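J.: Sequence below, structure please.
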Amino acid sequence: GLGNPGRRYGRTRHNVGFWCVERLAKDGSIPFSQRRRHAIFGEGELEGVPVALAKPRTFVNNSGEAVRYLLARYSASIADLLVVYDDMNLPRGGLRLRPRGSAGGHKGMRSIIEETGTEEFARLRVGIGRPPVGMDGVEYVLSAMARTERKEAGEVLARAVQAVRCVLAEGIIAAMNRFN
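T.: Residues are numbered from 1 along each chain as shown. Reported below is the predicted structural model:
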């Protein structure tokens with residue numbers, strides 16, 4: 001799950017990926033017990049599948065460093081990766097699963113694509129909507145959500161957790177058919 005480390009960014013829109021992974025960890029009783037330079041992560045099982053849930057310790061724009069580290073640590077292939085992140089190009093509350101794709105303007109995804117050398121990895125985009133007129137995109141993703149948005153975020157994160165579990169249990173195509 002992509003996000004920025006530290007209390008300063010804890011409630012910002014850019015941390016939606018962290019929130020999803022944290023919910024998965026809580027639901028699956030998977031503690032974030034490993035702290036390394038590039039990521040905080042925990043190992044466990046969801047839907048009968050061994051998983052490592054991770055939150056990069058790099059900032060979003062350098063997420064590729066953490067992904068490269070985690071793939072190497074677990075001797076995992078790019079096919080084992082599912083990235084969860086915020087997306088301004090989706091309406092607030094929308095979900096979009098894809099087995100591959102471009103960065104779509106997201107600097108964290110661009111970093112992952114550059115570090116891995118491929119766009120061929122699964123991703124779950126969580127819609128945060130566009131900034132209000134006159135607000136810069138960076139300012140928008142790095143600002144805290146309003147109370148009404150937080151309530152909506154709780155609902156979409158519950159669906160995002162279900163979508164990730166569906167990917168694990170039934171594969172990405174089945175999950176796309178159900179959640180897109």
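J.: Rounded mean pLDDT for stretch 65-78, please.
T.: In this model, stretch 65-78 has an average pLDDT of 97.
J.: Output it as CSV, nothing but the C-alphas.
T.: Included here for stretch 65-78 are C-alpha records, laid out as CSV according to Å, rounded to 0.1, in the frame of the first residue of the first chain:
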residue,chain,number,x,y,z
GLU,A,65,12.8,1.5,-3.9
ALA,A,66,10.6,-0.3,-1.3
VAL,A,67,9.0,-2.5,-4.0
ARG,A,68,12.4,-3.5,-5.4
TYR,A,69,13.6,-4.3,-1.9
LEU,A,70,10.5,-6.4,-1.0
LEU,A,71,10.6,-8.3,-4.3
ALA,A,72,14.3,-9.2,-3.7
ARG,A,73,13.7,-10.0,0.0
TYR,A,74,11.0,-12.6,-0.8
SER,A,75,12.5,-13.7,-4.1
ALA,A,76,9.1,-12.8,-5.5
SER,A,77,8.3,-12.1,-9.1
ILE,A,78,6.5,-9.1,-10.4
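J.: how about it: buried residues?
T.: Taking 16 or more other C-beta atoms under 10 Å as the basis for neighbour counts, the residues of stretch 65-78 that come out buried are 65, 66, 67, 68, 69, 70, 71, 78. Every residue, glycine included, has its C-beta placed from N, CA and C.
J.: Can you lay out the residues you listed as CSV showing secondary structure and distance to residue 47?
T.: Supplementary listing: the buried residues of stretch 65-78 in CSV, determined by DSSP: H, G, I helix; E, B strand; the rest coil; distance: C-beta to C-beta, whole Å:
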residue, secondary structure, distance to residue 47
65, helix, 28
66, helix, 24
67, helix, 22
68, helix, 26
69, helix, 25
70, helix, 20
71, helix, 21
78, helix, 21
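J.: Could you identify the most distant pair in these?
T.: Considering C-beta to C-beta, no two members of these lie farther apart than 65 and 78, which are separated by 15.4 Å.
J.: Off-centre distance for stretch 101-109?
T.: Stretch 101-109 has its C-alpha centroid displaced from the chain centroid by 12 Å (C-alpha atoms, centre = their mean, to the nearest Å).
J.: try stretch 13-23
T.: The gap between where stretch 13-23 is centred and where its chain is centred comes out at 6 Å by C-alpha atoms, centre = their mean.
J.: what's in contact with it?
T.: 1-4, 9, 53-55, 60, 83-86, 124, 126, 128, 140-143, 145, 149, 153, 157-158, 160-161, 164 (C-beta atoms under 8 Å, 6 or more residues apart in numbering).
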